[in-house]
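Trainee: Here's a sequence, model it:
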Amino acid sequence: MSATATTVSKRGTAAGEARTRHSGGGLRDAVRRRRGLLTGGGALAALLVLGAVLLGGGTWPAGLTADISAPLDAANEWVVDNRDSHPLFLYFLLHLSNTATDAVNAVYQGLDALGWLGVVAAAVLVAWRAAGLGRRGLRVALTALGAFAVCGLLGMWDATLLTIALMVVSVAAAALLGTLIGLAAGLSDRVDRALRPVLDTMQVMPAFAYLLPFVLVFGTGTPAALFCTVIYAAPPMARLTALGLRGADPAALEAAVSLGANGRQRLWTARLPLARRQMLLGLNQTIMLALSMVVIAALVGAGGLGEEVYSALATTDVGKAFAAGLPIVLIAVWLDRTTAAAGDAIGTSAPGGGWLHGGRAWALVAAAVAAAAAVRTAGWPDAWTYDISTPVNRAQEWITANLTFTEVWAREFTLWLLNPLRDALLWLPWWSVLLLVAAAARLVGNWLSAVTATAAMAAIGVLGVWTKSLNTLSQVLAALVVTLVLGFLAGVLCARAGRLERWVRPLLDAMQTMPQFVYLIPVVALFGATRTSAIVAAVVYALPAVVRITTQGLREVDPAAVEASRSLGASTRQQLFGVQLPLARPALQLAVNQGVVLVLAVVVVGGLVGGGALGYDVIKGLSRGEMGLGMTAGIAIVCLGLVLDRVTQRTSRTAR
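Mentor: Now for the predicted structure:
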């Protein structure tokens, strides 16, 4: 045998021994983990038995509740009585309120002064220039033209202008606030560590929870809607700004230092330019969240398209709701395409080069908009409008009369899954629910997660809304089961079939740009105002995120592992269940976490269409001025979101 063959043989033997040791170690680790799980399960069973003996069963004890609705109602009455006289309102909050109202009115009057032709020209030309003057920019410009044309044709021009005015002011304020917070977090490790749990909690909170504190302080109207939109939409801008600053190329920063740049100069000449793409992505997410919140803020008197949808849903007028919901979707698509194309255009040269770029192009856009505004067109002509509410209502009546399978499916889903799940949760003793939450959070995360989740669940009982919270939880779990089954299946198919993923991608993009409110319109038309409607809307809303994360996680699995299993004769099914899914487990758990958060957001909004439970209490508190009832339900929603997030969120230790 040659020396080379001998060396290869020795290497093969060493590699085999290493694999044997590794497999033995892996087997020992697996056995150790199995023993840990068995020990943890035995301890949990022992605690359940001990609790049954000492504490008995039943719902949350009345002696462990605290009524906070009365103090909240008293605080609301104090605010109403002192809003015009107390120095806090006269010299601070009143100025904020007036500034917010004046800013929105100024933008609205400016848009109205442009006339419909000027507004359409501004939207089209800005979209074209922001997306680039090439073919893609032309497509985005045509999207803007179609969106505003449909808004006018459906008779929603004035409501659209008011929604855009709210969007302009709220996005500008949220982007500024998020950028400042992101700068602080990106330049300071201490600030980043301090802000991270705050931003995590803010992103877990459903949109409804943001409305109540601002209504308590500012009352219903534009200021409350504007400020809650700013707070709700700022976290993505802060996170991605900090991420962009921290991910700046070290070589570029070292080059700036070598040229003698100080910290401020490095920030302006290196860090911020390198973080532009991440910051523009943050602006895109901020715009989408702001649009979603502006629509929901119609509950507190924000006006615009959201108010049209809310009033239509309140009277179950599907046709009117569809006429107002379609412009919202089109505006969302226009804004998403424009900002996404602008982000992709960073770092690329203008098509064909030439002088028509930069400041010259923006000057031409401004000149063209000014020329269109000089035509002095008024609002959208009444002769160019078309009422689609009657045909849509007729179609909805036909569907209800002829497609009875939707009603049958909703009834069977409620009887066989939703009601048993709710009854099972209500049947469990309160202390066992706390133990199960603690065990689930500890299994996924660490002891801090377990303590946080258990404390949040106990706070729900203390607030006196235990039964309603478990009702909401049952709806979230039912929607989550359907979402994960469909999402994982679609994600696996998309990961294994690239052509299918390309076909599905536009649909997922459109679904992710639609605000939460809009999902309620078609499900009410198909299923009526029931709990099932809220669950179906939640499934459709959360499905795109689960599909995308699952697809991405499976595609990032190490190809060498898949090839090794294939070389050992594993079938396609064995490769999927034995290699790809286990290796993609972190991504799958992230998909579960995101699915839970998104499902909870829409299940709560589903209180508008028969979802009941906590969501209905929030709506009742907002609409009738019962601030104690609404705030109690809102705090419980936040606690429930915190519980679900901690139970499904992997910590850094478990991820390793």
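Trainee: Please tell me how far the strand or helix carrying Gly115 is from the chain's geometric centre.
Mentor: Secondary structure from DSSP states H and E places Gly115 in helix 94-131. Its chain's C-alpha centre and that of helix 94-131 lie 26 Å apart, by C-alpha atoms, centre = their mean, to the nearest Å.
Trainee: again with stretch 278-297
Mentor: 10 Å.
Trainee: do the same with stretch 513-523
Mentor: Put simply, stretch 513-523 sits 13 Å off its chain's centre (C-alpha atoms, centre = their mean).
Trainee: Helices of the stretch 501-650 of the chain, residue ranges please.
Mentor: For the stretch 501-650 of the chain, the helices defined by DSSP state H, counting those that start in this stretch cover 516-527, 531-555, 559-567, 572-575, 581-583, 585-605, 613-624, 627-648.
Trainee: Take the ones you listed and write them to a markdown table, including mean neighbour count and distance to Ser474.
Mentor: For glycine as for every other residue, the C-beta is placed from the backbone atoms N, C-alpha and C. Formatted as a markdown table, these follow (neighbours: other C-beta atoms under 10 Å; distance: least, C-beta to C-beta, whole Å):
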| stretch | mean neighbour count | distance to Ser474 |
| --- | --- | --- |
| helix 516-527 | 24 | 18 |
| helix 531-555 | 25 | 9 |
| helix 559-567 | 13 | 39 |
| helix 572-575 | 12 | 33 |
| helix 581-583 | 15 | 28 |
| helix 585-605 | 24 | 10 |
| helix 613-624 | 22 | 9 |
| helix 627-648 | 24 | 11 |
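Trainee: Hmm, Trp157 is touching Cys151, no?
Mentor: Yes: using C-beta atoms under 8 Å, Trp157 and Cys151 qualify as a contacting pair, with a distance of 6.0 Å.
Trainee: Looking only at neighbour counts, state which of the two leads.
Mentor: Counted by other C-beta atoms under 10 Å, Trp157 and Cys151 do not tie: Cys151 has more neighbours, with 28 against 22.
Trainee: Just the helices from the stretch 301-450 of the chain, written as ranges.
Mentor: 305-314, 318-344, 359-373, 389-402, 405-413, 419-427, 430-444, 447-462.
Trainee: and the helix or strand that the last one is followed by, how far out from the chain's middle?
Mentor: So that's helix 447-462. Using DSSP H and E, the helix or strand that directly follows helix 447-462 along the chain is helix 466-496. Distance of helix 466-496 from its chain centroid, counting by C-alpha atoms, centre = their mean, is 15 Å.
Trainee: which strands and helices sit next to helix 466-496?
Mentor: Counting contacts by 3 or more C-beta pairs under 8 Å, 6 or more residues apart in numbering; DSSP states H and E, helix 466-496 is packed against helix 419-427, helix 498-513, helix 531-555, helix 585-605, helix 613-624, helix 627-648.
Trainee: how about Ala453, what does it touch?
Mentor: For Ala453, the contact set (C-beta atoms under 8 Å, 6 or more residues apart in numbering) comprises Val437, Ala438, Ala440, Ala441, Leu642, Val643, Arg646, Val647.
Trainee: ok, now how distant is it from Ser97?
Mentor: 37 Å (C-beta to C-beta, to the nearest Å).
Trainee: again, but for Leu180
Mentor: Leu180 is 22 Å from Ser97, by C-beta to C-beta.
Trainee: Check Ala341 too.
Mentor: 36 Å.
Trainee: cool, and Val198?
Mentor: In terms of C-beta to C-beta, Val198 sits 25 Å off from Ser97.
Trainee: Looking at these two, which has the bigger crowd around it?
Mentor: Ser97 (21 against 12).
Trainee: And the most centrally placed residue in the chain, what's its pLDDT?
Mentor: Centroid-nearest residue in the chain, with C-alpha atoms, centre = their mean: Leu598, separated by 5.8 Å. Note on Leu598: pLDDT of 84.
Trainee: Can you verify my assumption that it contacts Val540?
Mentor: No: with contacts counted by C-beta under 8 Å, Leu598 stays clear of Val540, the gap being 10.3 Å.
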